[in-house]
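Enquirer: Please find the sequence and the predicted model below.
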Protein chains: 2
Amino acid sequence: MAVELKGAPVAKAIDERSRAGIETLLEKGVAPTLALVRVGAREDDIAYENGAVKRCERVGVSYKKVTLPADISQEALLETIEDLNRDATIHGVLLFLPLPKRFDGDAVRAALSPEKDVDGVTEGSLAGVFTGSGKGFAPCTAQACIEILDHYGYDCKGKRAVVVGRSLVVGKPVAMLLLGKNATVTVCHTKTAELPAVVRGAELVVTAAGKPKVVDGECFSEGQTVVDVGINFVDGVMCGDADFDAASQKVAAITPVPGGVGTVTTSVLVNHVVEAALRANKGL
Amino acid sequence: MAVELKGAPVAKAIDERSRAGIETLLEKGVAPTLALVRVGAREDDIAYENGAVKRCERVGVSYKKVTLPADISQEALLETIEDLNRDATIHGVLLFLPLPKRFDGDAVRAALSPEKDVDGVTEGSLAGVFTGSGKGFAPCTAQACIEILDHYGYDCKGKRAVVVGRSLVVGKPVAMLLLGKNATVTVCHTKTAELPAVVRGAELVVTAAGKPKVVDGECFSEGQTVVDVGINFVDGVMCGDADFDAASQKVAAITPVPGGVGTVTTSVLVNHVVEAALRANKGL
């Protein structure tokens, strides 16, 4: 049976790092603060907001809920973001995406200052992930995958890694982060021919396809480490992108769903806020 | 014996596309113009400048050489770039890189307007390549690889593609462009274990390692298409990153060096200038 790479201990370790940063900041009179900008009341957004707020409270990061009516204008939303950019007491801004379709999402993302872009949605952050320059922040979920691997001592160097999925939120950035850790990285997607054969050949598998059990029993081989980013529901039961039961009979290690990557994401978010506050107050 | 995918016919076809665009622009009273910004007199820079100038003349794009003394200050260089940004008669700016070490290269690149960044060196262009948004321009050499594949009717969809090299100039952008064409893309580099086995398993191979014959006879298999980006010199003779003789015994098709990718690059550059001018004058 595969070892379960649980998220909780990883989250705990990240929170400890965050607390150390907060201590440094408080000594300088800075209280790291996250603004949560939500338009309307989508259930998913509220669930993630609640998780983020809870994590902020547990770790000791301040937060400010900026809840906007569903019928707010593009202009008013842009103004809100620009106000947050200018507000030196706000260090990170989490913008719940996607926005309702009537908004120009590109323009809204572009309005956010890359220095406060703690979930990697701006051009500056995406370019930073692509180039490996360290500018901005990687999307939290992509970073969470790396945190799990680091925490459990997985050395990516020279490993054959396969990422299933090419979204800008997870697939592409996690591929770049793995490349930065010297893995040989393959990106698979819906147009990939013979997916099972490609995935079987990997030593490290990151599934970020967003489809339940699309990485099935045929895809796994002995000795693999599997990081499952998927959060899907089948008949009301949460499951990942990987067929966990099939995988855990074969692979060496796998993150469970729930209890894996999803458990780590808000800790990464809060850590990014602390990091943003540290960067902003370097001179103090 | 492998089919040789020569660059010259590809360049010719791109130039035709450029000429069609130029005609449209001239009707609007716009003469597409490239500024070539060179600091000092590095031999490589001058060689590429000469190639670019010749291509401009052949295709009918105007150009302006901005040659700066080797001891120019960072401030004066930034001012030069900002002047070019503001100059509505300049549509594209080619900045010869790398700059001498005493410059802050990041700051200089950041000063260039992404709209005029015809060789994909700004954050805006790199983010555009990463996200596939079409913003800015891909680096010319990376785009040249895609032009060759397109010209010879190679359908990337679902193909296993391997890119050897992860530079920001070729490796990473070409990987993103291939992903955008629905290939299953693997990026290899100096830390890749068992490179020959990984490359052998690919249907499409792009070599952008910058080392002579580093992709050797062990790396090739039947039916492969090889795009060789390398320009190296061994005992004064130009050669690619692939062992051409070994490859051409085995693979289905390969770009020669010289006469392959390198032949296409300036045509892509000039085409980007025309495209930049078209974008800038959409409203006319």
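Expert: Good, I have the coordinates. Numbering: from 1, shown residues only, chains lettered A, B, ... in the order given.
Enquirer: Name the SS class of A:Val205, please.
Expert: Under DSSP: H, G, I helix; E, B strand; the rest coil, A:Val205 falls in the strand class.
Enquirer: Quickly note the distance from it to A:Thr225.
Expert: A:Val205 sits 7 Å away from A:Thr225, taking Cβ to Cβ, to the nearest Å as the criterion. C-beta: built from backbone N, CA, C; applies to glycine.
Enquirer: what about those two, which has more around it?
Expert: A count of neighbours by other Cβ atoms under 10 Å in any protein chain shown puts A:Val205 above the other of A:Val205 and A:Thr225, at 29 against 24.
Enquirer: and for A:Val205 and A:Thr225, which residues touch both?
Expert: Here A:Val205 and A:Thr225 share the contacting residues A:Val251, scored by Cβ atoms under 8 Å, 6 or more residues apart in numbering or on different chains.
Enquirer: Pretty sure A:Leu36 sits in a strand.
Expert: Yes: membership of A:Leu36 in a strand is supported by three-state DSSP.
Enquirer: Report the contact partners of A:Ser125.
Expert: Contact analysis of A:Ser125 by Cβ under 8 Å, 6+ apart lists A:114, A:117, A:135-139.
Enquirer: mind redoing it with 7 Å?
Expert: Contact analysis of A:Ser125 by Cβ atoms under 7 Å, 6 or more residues apart in numbering or on different chains lists A:114, A:117, A:136-137.
Enquirer: Most neighbours out of those, which is it?
Expert: The most crowded member of the contacts of A:Ser125, judged by other Cβ under 10 Å, is A:Phe137 (29 neighbours).
Enquirer: where do the helices sit along the stretch 1-150 of chain A?
Expert: Along the stretch 1-150 of chain A, counting by DSSP state H, counting those that start in this stretch, helices occupy A:7-27, A:43-59, A:74-86, A:105-111, A:123-131, A:140-151.
Enquirer: so can I have TSV of these showing mean pLDDT?
Expert: As requested, the helices of the stretch 1-150 of chain A are exported to TSV (pLDDT from 0 to 100):
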stretch	mean pLDDT
helix A:7-27	98
helix A:43-59	97
helix A:74-86	98
helix A:105-111	93
helix A:123-131	94
helix A:140-151	98
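Enquirer: Format those as a markdown table; extra columns: distance to B:Gly21.
Expert: Output for the helices of the stretch 1-150 of chain A, formatted as a markdown table (distance: least, Cβ to Cβ, whole Å):
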| stretch | distance to B:Gly21 |
| --- | --- |
| helix A:7-27 | 51 |
| helix A:43-59 | 44 |
| helix A:74-86 | 33 |
| helix A:105-111 | 25 |
| helix A:123-131 | 27 |
| helix A:140-151 | 38 |
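Enquirer: Identify the residue nearest A:Gln77 in space, chain neighbours excluded?
Expert: To be clear, residue A:77 is Leu; Gln isn't right here. Spatial nearest neighbour of A:Leu77, chain neighbours left out: A:Val108 (6.1 Å); criterion: Cβ to Cβ, 6 or more residues apart in numbering or on different chains.
Enquirer: Pull up the gap between that neighbour and chain B, please.
Expert: Distance from A:Val108 to chain B, counting by Cβ to the nearest Cβ, to the nearest Å: 15 Å.
Enquirer: now A:Gly210
Expert: To chain B, A:Gly210 is 17 Å away according to Cβ to the nearest Cβ.
Enquirer: which phi and psi does that residue have?
Expert: Here is the backbone geometry of A:Gly210 (degrees, to the nearest 10): phi 70, psi 30.
Enquirer: Same check on A:Lys181?
Expert: Backbone dihedrals for A:Lys181, given as degrees, to the nearest 10, come out at phi -100, psi 20.
Enquirer: my read: it touches A:Tyr154, true?
Expert: No: taking contacts as Cβ atoms under 7 Å, A:Lys181 lies outside contact range of A:Tyr154: 9.4 Å.
Enquirer: ok, A:Thr186 to chain B distance?
Expert: Counting by Cβ to the nearest Cβ, the gap from A:Thr186 to chain B is 4 Å.
Enquirer: Pairing partners for that residue in the sheet, please.
Expert: Beta bridges link A:Thr186 to A:Val162, B:Thr186, judged by DSSP bridges.
Enquirer: list the contacts for it?
Expert: A:162, A:198, B:184-186.
Enquirer: and what of A:Thr190?
Expert: Going by Cβ under 7 Å, 6+ apart, A:Thr190 touches no other residue.
Enquirer: residue closest to the middle of chain A?
Expert: In chain A, the C-alpha nearest the mean C-alpha coordinate belongs to A:Thr141, at 1.6 Å (Cα atoms, centre = their mean).
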